[in-house]
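[1] Sequence first, predicted coordinates after that:
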Amino acid sequence: MGNTSNFCTKAELSAALGFSPHTLKSIRKKFWSEGIHFVRLNSRTIRYNQNLCLDWLATRNFPDLHQKAIENYLQDLEQSRSP
């Protein structure tokens, strides 16, 4: 992955994935993990990890591949936090 800070708005992700905002909400509830695929900034504001959401779309039929992308993201995140 390499980029741990590629978060975007609902509108930006909707355009990138080609899904409506309503569909994004359904996908978020069924398939994505808070803190990995998205973060809540407050009760009304969510930011999406664009890299992982795009990876999920590309590999949704191959969950092991997507899990590897998640592991890489978490490893990059941990490394970026280390002094």
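    Structure's in. What do you need?
[2] Just give the number of residues close to residue 46.
    Per other C-beta atoms under 10 Å, the neighbour tally for residue 46 reads 18. C-beta coordinates here come from the backbone N, C-alpha and C atoms, glycine included.
[3] Against residue 53, how distant is it?
    12 Å (C-beta to C-beta, to the nearest Å).
[4] any residues in contact with both of the two?
    Residues touching both residue 46 and residue 53 (C-beta atoms under 8 Å, 6 or more residues apart in numbering): residue 38.
[5] Please, which helix or strand holds the residue nearest to residue 74 when sequence neighbours are not counted?
    Nearest in space to residue 74, with sequence neighbours left out and distances taken as C-beta to C-beta, 6 or more residues apart in numbering, is residue 36 at 7.5 Å. Per DSSP states H and E: residue 36 is located in neither a helix nor a strand.
[6] residue contacts, residue 36?
    Counted by C-beta under 8 Å, 6+ apart, residue 36 has contacts 49, 52, 70, 73, 74.
[7] What of residue 27?
    residue 19.
[8] before we move on, the earlier item: and the residue nearest to residue 74, how far from residue 23?
    Taking C-beta to C-beta as the measure, residue 36 and residue 23 are separated by 19 Å.
[9] and what of residue 81?
    From residue 81 across to residue 23, the span is 33 Å (C-beta to C-beta).
[10] Of these two, which one has the most company?
    Applying other C-beta under 10 Å to residue 81 and residue 23 shows that residue 23 carries more neighbours, namely 12 against 8.
[11] Going by residue numbers, what spans are strands in this protein?
    Using DSSP state E, the strands found in the chain span residues 7-8, 38-42, 45-49.
[12] With respect to residue 19, which of the ones you listed lies nearest?
    For these, proximity to residue 19 was assessed by C-beta to C-beta; strand 45-49 is nearest, at 11.3 Å.
[13] Great, nothing more from me.
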